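> Structure, please.
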Amino acid sequence: MLLKNFSQYIKEQRQEGKNIRVNRSNPNEDFDFAKYQPQETEYAEAQIVENNGEFCTKKIKVNTSQSKFNYFLDGIEKKRILIYYNFIPFTYGYMSAVIMKRTDKKMHSIGLERAEENLYLPFKFNGDEPDFYLDVEDFNNYNINPINIGIKAKGESDYPLMPEEFEKKAHSAIQENRRHMESTMANEWAVEFKNFDDWLYVDGGLTNISSDLMKKANVVGVIKSHNVQYFDYEKLCQIYNIKKGERSCVFRPKRRFKNTPEKVFSWYLRLHSDKNYGKMDFGIIRIEIPDREDLLSKVDEISSWILLEANPIAFPESRWDRMIYPIKYCEDYLKCKAPSWTVLESLAFG
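Predicted structure coming up:
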């Protein structure tokens with residue numbers, strides 16, 4: 001519906017002679033926002049909470065044939081610059097998330113699904129924005145309610161002015177909206193579906209999970225990227241040299257900005273090992289659990305469940321070495337429901 005309304009907006013703006021250029025590059029792919037991802041490694045501190053505070057690695061013994069994870073949370077996002085109005089990029093973002101349940105080895109929906117689409121634009125809001133910023137009233141007749149990205153971030157003295165700044169703001173807003181959607185769904189699961197023996201596997205960290213859920217529910221977050229480093233070079237060498245089925249010691253990460261302890265325990269685990277791929281972090285994930293003593297005693301058991309989930313592998317997913325098959329199933333489910341760029345172009349620019 002949003003794109004249909006936006007199509008009418010484009011037609012009328014062009015009829016008025018406005019400078020609009022449709023972005024048709026890479027028609028079947030997301031816009032390349034990779035340049036806005038953190039390129040430099042971030043460093044934070046960590047407190048080791050086992051082995052008397054001494055760093056260690058250990059082999060996980062898998063003593064069971066079945067994982068206890070029975071709920072799985074994942075989300076996706078699609079983003080693309082649709083048009084340039086003068087030099088202002090109109091960024092479209094689609095986000096969706098789902099929690100699926102596994103019963104008798106079969107995945108199925110439990111009705112916890114969300115999808116949202118938005119346009120991300122700079123507006124005049126406070127009255128001191130640049131003159132070329134858009135007026136939100138211009139979109140009222142089209143039933144479009146875009147997200148304002150023409151705002152100053154904390155510590156910034158000036159409004160964003162250049163296309164690259166608007167693109168970066170849109171990228172951050174889309175990611176934040178997706179994280180909020182996923183955390184909201186996790187909290188709803190804790191209220192509606194959680195039983196004492198239910199376990200929720202979250203594709204991502206637990207930063208945005210509510211404190212109430214963290215205190216009561218069995219939830220595990222799995223992080224596949226390693227942009228933040230918590231240890232020095234010597235310990236990192238030990239982490240990147242753990243073998244398949246081995247884990248690091250458990251530690252409590254500290255917040256990067258305030259240097260205060262996170263409300264989680266964390267550790268590294270290697271799911272797969274293949275020297276032919278060449279990457280030191282191949283198959284390595286970082287796991288987070290709420291900082292509860294009852295869960296701390298289950299670290300090895302939780303690790304063994306995740307190792308069991310790594311078979312069958314999530315191939316041909318490009319991140320198969322760090323993704324379990326139920327999460328791939330959730331992702332494929334969401335992608336099937338998401339609008340394709342071909343459909344979007346036919347609606348907006350046909």
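
> only C-alpha atoms for contact and neighbour calcs from this point on.
Noted.

> in the stretch 101-250 of the chain, which spans are strands?
Taking DSSP state E, counting those that start in this stretch as the test, the strands found in the stretch 101-250 of the chain are 106-121, 147-148, 200-203, 219-223, 228-229, 246-248.

> In TSV, list these along with mean pLDDT and distance to residue 54.
TSV is the format used below for these (pLDDT from 0 to 100; distance: least, C-alpha to C-alpha, whole Å):
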stretch	mean pLDDT	distance to residue 54
strand 106-121	95	41
strand 147-148	96	48
strand 200-203	97	29
strand 219-223	97	23
strand 228-229	91	17
strand 246-248	98	11
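
> Turn the ones you listed into JSON lines, columns for mean neighbour count.
Shown next, in JSON lines, are the strands of the stretch 101-250 of the chain (neighbours: other C-alpha atoms under 10 Å):
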{"stretch": "strand 106-121", "mean neighbour count": "16"}
{"stretch": "strand 147-148", "mean neighbour count": "18"}
{"stretch": "strand 200-203", "mean neighbour count": "22"}
{"stretch": "strand 219-223", "mean neighbour count": "22"}
{"stretch": "strand 228-229", "mean neighbour count": "14"}
{"stretch": "strand 246-248", "mean neighbour count": "23"}
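
> Mind checking these for the one nearest to residue 270?
strand 246-248 (6.0 Å; C-alpha to C-alpha).

> for that closest one, packing partners?
strand 57-59, strand 264-270 (3 or more C-alpha pairs under 8 Å, 6 or more residues apart in numbering; DSSP states H and E).

> Buried deepest among the ones you listed, which one?
Mean neighbour count (mean count of other C-alpha atoms under 10 Å) peaks for strand 264-270 among those, with a mean of 25.

> Need the residues that contact it.
206, 239, 242-253, 282-291, 296, 303 (C-alpha atoms under 8 Å, 6 or more residues apart in numbering).

> Phi first, then psi, for residue 126.
Dihedral pair for residue 126: phi -90, psi -20, per degrees, to the nearest 10.

> I meant residue 300, not that one.
According to degrees, to the nearest 10, residue 300 has phi -70, psi -40.

> Hmm, residue 60 and it touching each other?
Yes - look at residue 300 against residue 60 with C-alpha atoms under 8 Å: they come within range, at 6.2 Å.

> residue ranges for the helices of the stretch 101-250 of the chain, please.
Listed in chain order, the helices of the stretch 101-250 of the chain (DSSP state H, counting those that start in this stretch) span 163-192, 211-216, 233-240.

> can you give me how far the shortest one is from the chain middle?
Its chain's C-alpha centre and that of helix 211-216 lie 20 Å apart, by C-alpha atoms, centre = their mean, to the nearest Å.

> That helix - what's its average pLDDT?
Averaged across helix 211-216, the pLDDT comes to 86.

> what residue ranges in the stretch 201-350 of the chain score low on pLDDT?
Within the stretch 201-350 of the chain, the ranges that satisfy pLDDT under 70 run 256-261, 343-350.

> again, only using 50
Of all residues in the stretch 201-350 of the chain, none has pLDDT under 50.

> just the helices of the stretch 101-250 of the chain: most buried one?
It is helix 163-192: most buried of the helices of the stretch 101-250 of the chain by mean count of other C-alpha under 10 Å, with a mean of 19.

> Going by contacts, tell me the helices and strands next to that helix.
strand 71-85, strand 88-103, strand 106-121.

> buried ones in stretch 54-67?
55, 57, 60, 62, 67 (16 or more other C-alpha atoms under 10 Å).

> can you put the residues you listed in a markdown table and add distance to residue 82?
Below are these laid out as a markdown table (distance: C-alpha to C-alpha, whole Å):
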| residue | distance to residue 82 |
| --- | --- |
| 55 | 49 |
| 57 | 49 |
| 60 | 49 |
| 62 | 50 |
| 67 | 44 |
